[in-house]
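Chemist: structure, please.
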Amino acid sequence: IVFNFPDCGTVEEEVWKIEDEQELILKFFLCAEPALSDESAEIHVTLRKEQVQRIGSEGVRALAAQARLQCVSTDPFNHKVYSGYKPAATIPGLKGLPPLLPGFLFRFKRDLTAEVPDPGEGDAEESDDEDISKMKRALKDQRRKKRKQKQKKLKDQSPGDQVKRSEA
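Modeler: Modelled structure (predicted):
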């Protein structure tokens, strides 16, 4: 199962884009995992360099782990593997979008050591919603922490540094 360059198309504040992208990837993993036919089947997700920098390789792996998937490799994306592949913008004609290449291909397989939920325990959809809510809370906490670090860094700068920064 292949998902090249998932993009939820949001162009709002960068913080919300990260959360939207993570939610999109998580929901994809949760939907794709049951479709794996056997132990050799794989899920491939290719992300732009900028997405990997925002989410982090470990962040991508953590999202996959929530769907009982394990990353087996990460490699540079080779568009030549896909016959007729042409990069395209989510919003055609929009200028200033970062290029799709370079990208990174993450390969996942079902994690056979992960706990399988008991089918008799609650509603699976409700469980997925709870997982997504937990992920969103963790993301908000992470953003809050980064914001505080940024504010502290700005506060610690000398007034001359702040003036130079505002002129740039």
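Chemist: where do the strands of this structure begin and end?
Modeler: Per DSSP state E, the chain carries strands over the ranges 2-4, 43-48, 69-76, 103-110.
Chemist: out of these, the one nearest residue 149 is which?
Modeler: strand 43-48 (24.7 Å; CB to CB). Every C-beta, even on glycine, is put in place using the N, C-alpha and C of the backbone.
Chemist: show the pLDDT at residue 115.
Modeler: Residue 115 carries a pLDDT value of 71.
Chemist: please apply the same query to residue 135.
Modeler: Note for residue 135: predicted pLDDT of 60.
Chemist: burial measure for the nearest residue to residue 67 once chain neighbours are set aside, as a count.
Modeler: Nearest residue to residue 67, sequence neighbours excluded (CB to CB, 6 or more residues apart in numbering): residue 29, at 3.6 Å. Per other CB atoms under 10 Å, the neighbour tally for residue 29 reads 22.
Chemist: would you mind giving the strands of the chain as CSV with mean pLDDT added?
Modeler: Output for those, formatted as CSV (pLDDT from 0 to 100):
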stretch, mean pLDDT
strand 2-4, 91
strand 43-48, 93
strand 69-76, 95
strand 103-110, 94
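Chemist: comparing the ones you listed, which comes out most buried?
Modeler: Stretch with highest mean neighbour count among the strands of the chain: strand 43-48 (a mean of 22; mean count of other CB atoms under 10 Å).
Chemist: so which elements touch it?
Modeler: Using 3 or more CB pairs under 8 Å, 6 or more residues apart in numbering; DSSP states H and E, the elements in contact with strand 43-48 are strand 2-4, helix 14-32, helix 57-65, strand 103-110.
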